[in-house]
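> Sharing a model prediction with you, sequence too.
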Amino acid sequence: MPELPEVETVRDGLERHVIGRAIADVEVRRDYSVRRHEGGPLDFAGRLRGRRLDAAARRGKFLWLLLDAPDTELPDAALMAHLGMSGQLLVRSTAADAAAAEPHPHLRVRLWLDDGGALDFVDQRTFGHLSVAELAPTPDGAPGGTGSPLPLVPEPVAHIGRDLLDPALDREALVARIRQRKTGLKRALLDQTLASGVGNIYADEGLWRARLHYARPTDTLRRAEVERALDGATEVMREALAQGGTSFDALYVDVNGASGYFDRSLAVYGQEGRPCPRCGTLVRRDTFMNRSSYTCPVCQPRPRNGRW
């Protein structure tokens with residue numbers, strides 16, 4: 001599933017290519033792709049026609065486009081996108097581009113833009129979805145997320161924590177909350193209500209950099225160890241972002257259809273049986289929450305009996 005660097009790469013592309021353009025028409029080709037929109041496909045299309053896209057924003061893995069509000073000073077709604085496992089937002093910059101492009105077999109929603117171009121939502125596995133959501137004020141009065149000029153956030157995202165790249169994140173409070181939990185360290189990193197955007201790939205890579213095992217109990221960690229884990233995750237996500245994210249197949253691409261290449265820089269994730277880049281010990285894979293966790297047995301020693 002796309003994590004923060006992949007979603008931020010898409011947000012940045014939308015900011016550069018569609019902001020300031022208006023939606024002329026909407027084609028919903030698969031109703032399931034707007035299942036989270038309470039009014040159904042017809043209401044979804046009706047709420048978007050004629051609206052201008054004013055900003056592209058993101059919090060963690062959630063992405064939204066602020067819609068202009070002709071009758072009010074501030075936006076009152078946003079087009080929200082969750083990419084799921086394989087969702088793609090592809091920009092057809094001009095009418096010629098849209099007409100020339102072969103219809104994608106997994107095109108679910110097309111937004112026709114006022115200048116003849118289009119924004120396509122393509123989703124092979126159909127776990128992703130689009131919806132129009134009302135906006136709610138942020139409790140701390142800071143902008144809703146990366147790219148947002150306003151202290152507003154879509155209501156379905158209001159419970160999601162700020163992400164590790166968000167300047168408004170209260171890092172000290174986050175460290176305290178993690179240490180108060182009685183859970184494993186990786187579970188805490190994946191808890192989107194604590195801090196959003198970290199998924200399986202960057203949790204494993206960040207913990208390897210921090211030399212911490214994923215099963216370390218959070219209530220036994222020193223403040224410096226939690227800081228180290230957060231620093232590791234932040235560092236690896238910044239590096240992945242600079243490389244366009246991680247693409248293992250053609251399902252994750254940016255708005256122009258290009259894949260990221262951070263998969264070439266992964267130290268442990270997906271590297272079972274290969275030597276650790278730091279010490280040479282073979283990387284280990286463990287089953288974790290119906291997924292996998294990858295660690296170096298020497299650099300990241302497992303806690304004894306669940307405690308340290």
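Nice, I can see it.
> so who does G84 touch?
With contacts taken as CB atoms under 8 Å, 6 or more residues apart in numbering, G84 has the following neighbours: M1, D123, R125, T126, F127, G128, H129. Where you see a C-beta, it was placed from the backbone N, CA and C, and this is true even at glycine.
> Could you give the number of residues near the closest residue to the fourth one other than its chain neighbours?
What it means is T126. Using CB to CB, 6 or more residues apart in numbering and skipping residues adjacent in sequence, the residue nearest T126 is Y32, 5.9 Å away. Residues lying near Y32 (other CB atoms under 10 Å) number 11.
> Then the one 5 residues further on?
Here the number of neighbours of H37 (other CB under 10 Å) works out to 22.
> I'd say it and V132 touch.
Yes. Applying CB atoms under 8 Å, one finds H37 in contact with V132, separated by 6.0 Å.
> got any residues that touch both of those two?
Listed as contacting both H37 and V132 by CB under 8 Å, 6+ apart are F44.
> Tell me where the longest helix sits in this protein.
Longest helix in the chain by number of residues, with DSSP state H as the criterion: helix 223-242.
> what distance separates that helix from the centre of its chain?
16 Å (CA atoms, centre = their mean, to the nearest Å).
> Pairing partners for the helix or strand following that helix, with directions?
Following helix 223-242 in sequence order, the next helix or strand is strand 284-288 (DSSP states H and E). Each strand pairing with strand 284-288, determined using DSSP bridges, is listed with its direction: strand 291-295 (antiparallel).
> for the strand it pairs with, which positions count as buried?
If you call a residue buried by 16 or more other CB atoms under 10 Å, then strand 291-295 has these buried ones: S293, Y294, T295.
> What sits closest to E227 if chain neighbours are left out?
Leaving out its chain neighbours, the residue that sits closest to E227 by CB to CB, 6+ apart is V175, at 6.2 Å.
> Can you name every helix or strand that the helix or strand harbouring that neighbour contacts?
Assigning secondary structure by DSSP H and E places V175 in helix 171-180. Helix 171-180 makes packing contacts with helix 223-242 when contacts are defined by 3 or more CB pairs under 8 Å, 6 or more residues apart in numbering; DSSP states H and E.
> Run through the chain and note the low-pLDDT ranges.
Applying pLDDT under 70 to the chain flags residues 99-101, 246-261, 305-308.
> wait, isn't W112 in contact with A95?
No. Taking CB under 8 Å as the definition, W112 is not a contact partner of A95, at 9.1 Å.
> can you tell me how far G206 sits from D31?
Computed with CB to CB, to the nearest Å, the distance linking G206 and D31 is 38 Å.
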